[in-house]
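Peer 1: I'll drop the sequence and a predicted model, then ask my questions.
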Amino acid sequence: MSTDSLDGGGDDGAVTERQVRDRLDRVTDPELDTSIVELEYIDEIGIDDGEIHVAFTLPTAWCSPAFAWMMATDARDEVEALPGVTRATVELREHMHDAEINRGVNERLSFGAAFPDADGDVAPVRAELDEKARLARQHDATGALLDAGLDGKQIVTVVHDDIEFDDDQARVWVRDGALAVSVDADPLERYLEKARATGLVDDDHPELFRTPEGDPIDPESFELVRHRTRSAGVNMSGQGSVCDALHEARRAADRPPLSSRSD
Amino acid sequence: MYEYEGEDVFIIDSHLHLWDATEENIVHEGGEQFIQCFYDYHTAFTPEERQWSLEEYRKYGADRMKQDLFGNGAVDMGIFQPTYLTDFYDEGFNTTEQNAELAEEYPERFVLNGTFDPRDGEEGLEYLEELNDKYDLQGVKLYTAEWRGDSKGWRLDSEESFKFLEKCAELGIRNIHPHKGPTIRPLNRDAFDVADVDDAATSFPELNFVVEHVGLPRLDDFCWIAAQEPNVYGGLAVAAPMAVHRPRKFGEIMDELLFWLGEDRLLFGSDYALWNPDWLVDVVMNAELTDEQRDEYGVELDLETKKKIMGENAAELYDIDIEEKKREFQSDAITAEFGLEDHYGTSTAPADD
């Protein structure tokens, strides 16, 4: 049995649209920490043997070019990670900088080479957005542990080795292994993914949950940190609402044409 | 004056512009991008039957503005917040001088804010003094992400900026309104970072810092700074229209703001002409938190809270005596022009007099 069919590929081993879409589902709008598939940014997926073409449109033509760049490069890399794909090309549509981004991404240039006027690279912007996403996801993960019956003092001491994943459930051990609670694995897995992306969890500092500044949490300030992590989520979903509204306005059938100056 | 459940609510719209984005005034592609982006915000959050065409949106003029603000009694007073953008617009997008057209004709109804840009150096300090001499400023609107030549913005906590804040303190210009809001291409994202407000607010405790658009999309950073700095306030322009199509989201944002800042440090603003206050005031006054939202943070968005947000807090910052204003508005020019006597007449007389 080939890897392709395990991955849901077609009978002839060819890449399917479903597979491509599943890979794209892993790409998030970095500001909203939500999948670009769920956000309905994807317009078209073209498959020509191992050559895949992905076209997408963002909520506004004025979306930050750095964010657009991250989504385009992530989409390319995710799709190219599929067995059977030889090359992925990406087409961002109707964006202020679609020409620079499409050329840069498909010719595999660096952000700086694609945007000679840029003040800096996208790496620090990505790190900052990852940190925001980490906080919002921490809120969900600690919320799940609170719902499962743990208290703040127990939660702040949880380390990576205290968690065992078993399919869609996670078992979290507390009090030196004397007690375990079972929770839905998803919020913990999602949190761990961003905690790793932000480089927070290492051997010297094994505590899983952190303050917004990245430090282990003092049990006394657990509640305050919970409030701050909620703010991060509200900010993200608030911004999501703005993008969503702009997305709708942009695609409205009766939207008046905007004049375009060419100077 | 707006009436809600039989009670008068004095509305101060703390974020107004009289702008000119006509094609003749645009000198840089950024100017066209700027107004088009504003227009997308306008159509995205305005009820369909109240939307403008792009052409009328580019320049609406003083008469239209007066009608939109006061015509149906939704707004009692307004605060002008200039946005110069002189690299993009020949005569500027919305300067203090342009706003003065209305503010000088109806001084009882408007507060006219000035601005400064630390990149202008000595000349900028002189301009600030001139503006102050001419208009007796109580506040300045600052656009830290404004393009100027090669520079794509400046920081409020820079040495140059502090010279201007010192000048504000010396001249008695107490209210500093930095725009910290949604990313608007082609302005740089980083210039909207709210972190620079922190040091400025600590260094100038005698000044008030009203962060416009409550830092969205950096609401969390803004709340954390405001929680520690008592002289930091939140301007609700841009957050307010969410109450139309996204009432639950609006409730969540208000939850956060009320939790971290409290009800005394939030100011309503329509951001006119991005949105019209006549319908927006209505929507915000009718907004409610869900039971779940109220319980989670232990905050209320009741009539008393709304009265503060819609006018009383701005009155406090700008030394406006609301009761005196109500008496004055029984017979001022705007009341005469729009037939607003009923709005100010009956409500001020004691019932059993």
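Peer 2: Received, thanks.
Peer 1: Please export the C-alpha coordinates of stretch B:141-154 as CSV.
Peer 2: Provided in CSV are the C-alpha atoms of stretch B:141-154 (Å, rounded to 0.1, in the frame of the first residue of the first chain):
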residue,chain,number,x,y,z
LYS,B,141,-4.6,64.1,17.3
LEU,B,142,-1.4,62.3,16.4
TYR,B,143,-0.9,60.0,13.5
THR,B,144,2.3,58.1,14.4
ALA,B,145,2.1,56.1,11.1
GLU,B,146,2.0,59.1,8.8
TRP,B,147,4.4,58.9,5.8
ARG,B,148,6.8,61.8,5.5
GLY,B,149,9.5,61.5,2.8
ASP,B,150,11.4,58.3,3.5
SER,B,151,10.0,58.0,7.0
LYS,B,152,7.0,55.7,7.4
GLY,B,153,6.2,56.8,11.0
TRP,B,154,7.5,57.9,14.4
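Peer 1: Any idea how many residues pack against residue 241?
Peer 2: This is for chain A. Neighbour count of residue A:241, defined by other Cβ atoms under 10 Å in any protein chain shown: 21. For every residue, glycine as well, the C-beta is placed using N, CA and C.
Peer 1: I was thinking of chain B, sorry if that wasn't clear
Peer 2: Residue B:241, neighbours per other Cβ under 10 Å, totals 28.
Peer 1: Tell me how far it lies from residue B:111.
Peer 2: From residue B:241 over to residue B:111 the distance is 22 Å, taken as Cβ to Cβ, to the nearest Å.
Peer 1: Okay, and residue A:188 sits in which element?
Peer 2: helix A:185-197 (DSSP states H and E).
Peer 1: Downstream of that helix, the next helix or strand is which one?
Peer 2: Downstream of helix A:185-197 (by DSSP H and E), the next one is helix A:222-251.
Peer 1: chain center to that following helix, what's the gap?
Peer 2: 14 Å (Cα atoms, centre = their mean, to the nearest Å).
Peer 1: Do any residues in that helix lie close to chain B?
Peer 2: Yes - for helix A:222-251 and chain B, the contact criterion (Cβ under 8 Å from any Cβ of the partner chain) is met by A:227-228, A:230-232, A:234-239, A:241-242, A:245-246, A:248-250.
Peer 1: List buried residues within these.
Peer 2: Buried by 16 or more other Cβ atoms under 10 Å in any protein chain shown: A:227-228, A:230-232, A:234-239, A:241-242, A:245-246, A:249-250, out of the residues of helix A:222-251 next to chain B.
Peer 1: who does whichever strand or helix holds residue B:243 touch, helix- and strand-wise?
Peer 2: Using DSSP H and E, residue B:243 falls within helix B:242-245. Packing partners of helix B:242-245 (3 or more Cβ pairs under 8 Å, 6 or more residues apart in numbering or on different chains; DSSP states H and E): helix A:222-251, helix B:29-45, helix B:247-260, helix B:277-285.
Peer 1: possible to save these as a markdown table with mean pLDDT?
Peer 2: Listed next are these as a markdown table, based on pLDDT from 0 to 100:
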| stretch | mean pLDDT |
| --- | --- |
| helix A:222-251 | 87 |
| helix B:29-45 | 89 |
| helix B:247-260 | 94 |
| helix B:277-285 | 95 |
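Peer 1: Throw those into a markdown table and include distance to residue B:59, thanks.
Peer 2: Converted to a markdown table, those look like this (distance: least, Cβ to Cβ, whole Å):
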| stretch | distance to residue B:59 |
| --- | --- |
| helix A:222-251 | 21 |
| helix B:29-45 | 10 |
| helix B:247-260 | 30 |
| helix B:277-285 | 19 |
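Peer 1: and whichever residue of chain A sits closest to chain B, how many neighbours does it have?
Peer 2: At 3.2 Å from chain B, residue A:62 is the closest residue in chain A, using Cβ to the nearest Cβ. Each residue near residue A:62 was counted by other Cβ under 10 Å, and the total is 22.
Peer 1: Wait, it touches residue A:96, no?
Peer 2: Yes - taking Cβ atoms under 8 Å as the definition, residue A:62 is a contact partner of residue A:96 at 5.8 Å.
Peer 1: gap between the helix holding residue A:188 and the chain center?
Peer 2: With Cα atoms, centre = their mean, you get 11 Å for helix A:185-197.
Peer 1: Output that helix as CSV, nothing but the C-alphas.
Peer 2: In CSV, the C-alpha atoms belonging to helix A:185-197 read as follows (Å, rounded to 0.1, in the frame of the first residue of the first chain):
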residue,chain,number,x,y,z
ALA,A,185,-6.8,16.5,23.3
ASP,A,186,-7.4,19.3,20.8
PRO,A,187,-6.9,22.5,22.9
LEU,A,188,-3.7,21.0,24.4
GLU,A,189,-2.3,19.9,21.1
ARG,A,190,-3.1,23.3,19.5
TYR,A,191,-1.4,25.0,22.5
LEU,A,192,1.7,22.8,22.3
GLU,A,193,2.1,23.5,18.6
LYS,A,194,2.3,27.3,19.3
ALA,A,195,4.3,26.9,22.5
ARG,A,196,6.9,25.0,20.5
ALA,A,197,6.7,27.6,17.6
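Peer 1: domain assignment for chain A?
Peer 2: A:17-120, A:124-233 (automatic domain parsing).
Peer 1: Show the end-to-end separation of the first one, please.
Peer 2: Looking back up the chat, that one is domain A:17-120. Start-to-end span of domain A:17-120 (Cα to Cα, to the nearest Å) is 36 Å.
Peer 1: Let's test this: mean pLDDT of it, rounded?
Peer 2: What domain A:17-120 shows for mean pLDDT is 93.
Peer 1: does stretch B:135-152 come close to chain A?
Peer 2: Yes - taking Cβ under 8 Å from any Cβ as the criterion, stretch B:135-152 and chain A are in contact, through residue B:152.
Peer 1: tell me which residues in that stretch are buried?
Peer 2: Neighbour count says stretch B:135-152 has B:135, B:137-147, B:152 buried, by 16+ other Cβ under 10 Å.
Peer 1: Which of those fall in strands?
Peer 2: Secondary structure defined by DSSP state E assigns B:139, B:140, B:141, B:142 of the buried residues of stretch B:135-152 to strands.
Peer 1: Dump stretch A:55-67 to CSV, restricted to CA.
Peer 2: Output in CSV follows, covering the C-alpha atoms of stretch A:55-67 (Å, rounded to 0.1, in the frame of the first residue of the first chain):
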residue,chain,number,x,y,z
ALA,A,55,-5.4,30.7,-6.1
PHE,A,56,-6.6,32.7,-3.1
THR,A,57,-8.0,36.1,-2.3
LEU,A,58,-7.7,38.0,1.1
PRO,A,59,-10.5,40.1,2.7
THR,A,60,-9.0,43.4,1.4
ALA,A,61,-6.5,44.4,-1.2
TRP,A,62,-4.7,46.3,1.5
CYS,A,63,-4.0,43.4,3.9
SER,A,64,-0.5,43.6,5.2
PRO,A,65,1.9,42.3,2.5
ALA,A,66,3.8,40.6,5.3
PHE,A,67,0.8,38.6,6.3
